[in-house]
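Visitor: Predicted coordinates and the sequence they were generated for:
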Amino acid sequence: MRNNQSWVTEFILVGFQLSADMGLLLFWIFSLFYVLSLLANGMILGLIWLDQRLHTPMYFFLSQLAIIDMSFACNNVPKMLGNLVKQEKTIFFGPCIFQMFLYLTCAAADCLILVAMSYDRYVAICHPLQYTVIMNWRVCAFLAIASWTGGFLLTLLQVVLLLRLPFCGPQVVNHIFCEILSVLKLACADTWINEIGMLASGAFVMVGPLSLMLVSYTRILWVILKMQSGEGCRKAFSTCSSHLCVVGLYFGIGMVFYLVPGGTQREEQQKTLSLFYGLFNPLLNPFIYSLRNTQVKSAFYRVLQKKRSL
């Protein structure tokens, strides 16, 4: 029976069901968000690279986060923008798998980088005198490499499990990009192994890291409450509030996306939620983490002054 099945060479991305005028309007709005997110994250990377005062563990991890955000945007948004204004919404099987692979790798690496950032804040607040010894560059590099490697290996496992499945039709992916759960629904075989693998991976990169961050911030909160200096408390809260804000949004939406059972109505909601990772999160992160930070603002002004003096 399997020999009689024809292998699907391309998929059709359903995307949003919109009128032509609404699709064109969203094209220009999302294009603006896309360009702004690339510019904001690119500026953060440039400032961290150019200013020696930002060569610290915290800003090193922020640079990794900026790279992930730019990768998210460049992976999903261009194809989505094209589909908003054209009638043919096809994507070949190879590019679809690559889009899925890069998306899942960035998503897993993002979760693990956020854990590394919470550990950095824990050491900075709970062990300030030992901070430079514990968070040396070797440790920072190890945490970053481990985050990317962990994301790559987890994604590789999911893609290998997916590629063993036959796809004989239908070709319609009910999503705005090649999201793995939407593609799995088109397989002409039992996908229970893939679903278990996705659940296990989701628990590893979401539930596990979130638990570690809760432990870190419980310790941080305990130390902050024992501080006698009001200025010290405010500074500690300000360094942690941005991270907690992004963690809450990122993990909250991720758990709804992958750990909550789906349905027809939830499929439409997931299309909207997926915009958070491709458009809104890459745009919000630079403002939440960096652009309102006095050190980043000072670095920006120093770069401008150097250009004016040339």
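Guide: Thanks, I have it.

Visitor: Okay, and the closest residue to N41 other than its chain neighbours sits in which element?
Guide: The shortest distance from N41 to any residue that is not its chain neighbour, by Cβ to Cβ, 6 or more residues apart in numbering, is 4.2 Å, and that residue is A66. For glycine as for every other residue, the C-beta is placed from the backbone atoms N, C-alpha and C. Under the criterion DSSP states H and E, the helix or strand holding A66 is helix 57-85.

Visitor: For that helix, buried residues please.
Guide: Residues of helix 57-85 classed as buried by neighbour count (16 or more other Cβ atoms under 10 Å): 57-73, 75-77, 79-81, 83-84.

Visitor: What of stretch 44-60?
Guide: Neighbour count says stretch 44-60 has 44-45, 47-48, 51, 54, 56-60 buried, by 16+ other Cβ under 10 Å.

Visitor: pLDDT of stretch 128-136, averaged?
Guide: Per-residue pLDDT over stretch 128-136 has a mean of 91.

Visitor: so where do the helices sit in the stretch 51-200 of the chain?
Guide: 57-85, 93-126, 131-134, 137-163, 180-184, 192-202 (DSSP state H, counting those that start in this stretch).

Visitor: what's stretch 120-131 in contact with?
Guide: Residues lying outside stretch 120-131 but in contact with it, judged by Cβ atoms under 8 Å, 6 or more residues apart in numbering, are 57-58, 61, 134-135, 216-217, 219-220, 223-224, 236, 239-240, 243.

Visitor: from the middle of its chain, how far away would it be?
Guide: With Cα atoms, centre = their mean, to the nearest Å as the basis, stretch 120-131 stands 26 Å off its chain's centre.

Visitor: Tell me what angle the helix holding A66 forms with helix 137-163.
Guide: Taking axes from the mean of the first three to the mean of the last three Cα atoms, to 10 degrees, helix 57-85 and helix 137-163 form an angle of 30 degrees between their directions.

Visitor: Which secondary structure elements does helix 57-85 sit against?
Guide: If contacts are counted by 3 or more Cβ pairs under 8 Å, 6 or more residues apart in numbering; DSSP states H and E, helix 57-85 sits against helix 20-50, helix 93-126, helix 137-163, helix 281-285.

Visitor: and it, average pLDDT?
Guide: The model assigns helix 57-85 a mean pLDDT of 90.

Visitor: Can you flag the buried ones in the contacts of stretch 120-131?
Guide: Here the buried ones among the contacts of stretch 120-131, as counted with 16+ other Cβ under 10 Å, turn out to be 57-58, 61, 135, 216-217, 220, 223-224, 236, 239-240, 243.

Visitor: Any chance of TSV for those, columns distance to Q17?
Guide: Formatted as TSV, those follow (distance: Cβ to Cβ, whole Å):
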residue	distance to Q17
P57	46
M58	43
F61	39
M135	49
S216	43
Y217	41
I220	45
V223	51
I224	48
A236	48
T239	44
C240	41
H243	37
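
Visitor: quick check, nearest of those to R302?
Guide: Among the buried ones among the contacts of stretch 120-131, M58 lies closest to R302 (Cβ to Cβ), at 18.3 Å.

Visitor: follow-up on the earlier one: any idea which of the helices of the stretch 51-200 of the chain gets closest to V303?
Guide: Taking Cβ to Cβ as the criterion, helix 57-85 is the member of those that comes nearest to V303, at 14.5 Å.

Visitor: Return the distance of the closest one from the chain's centre.
Guide: Chain-centre distance of helix 57-85: 8 Å, with Cα atoms, centre = their mean.

Visitor: Compute the inter-axis angle for that helix and helix 93-126.
Guide: Using the same axes, to 10 degrees, the interaxial angle of helix 57-85 with respect to helix 93-126 works out to 150 degrees.

Visitor: With distance to A299 as extra columns, can I get the helices of the stretch 51-200 of the chain in JSON lines?
Guide: Supplementary listing: the helices of the stretch 51-200 of the chain in JSON lines, determined by distance: least, Cβ to Cβ, whole Å:
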{"stretch": "helix 57-85", "distance to A299": "9"}
{"stretch": "helix 93-126", "distance to A299": "19"}
{"stretch": "helix 131-134", "distance to A299": "20"}
{"stretch": "helix 137-163", "distance to A299": "19"}
{"stretch": "helix 180-184", "distance to A299": "39"}
{"stretch": "helix 192-202", "distance to A299": "37"}
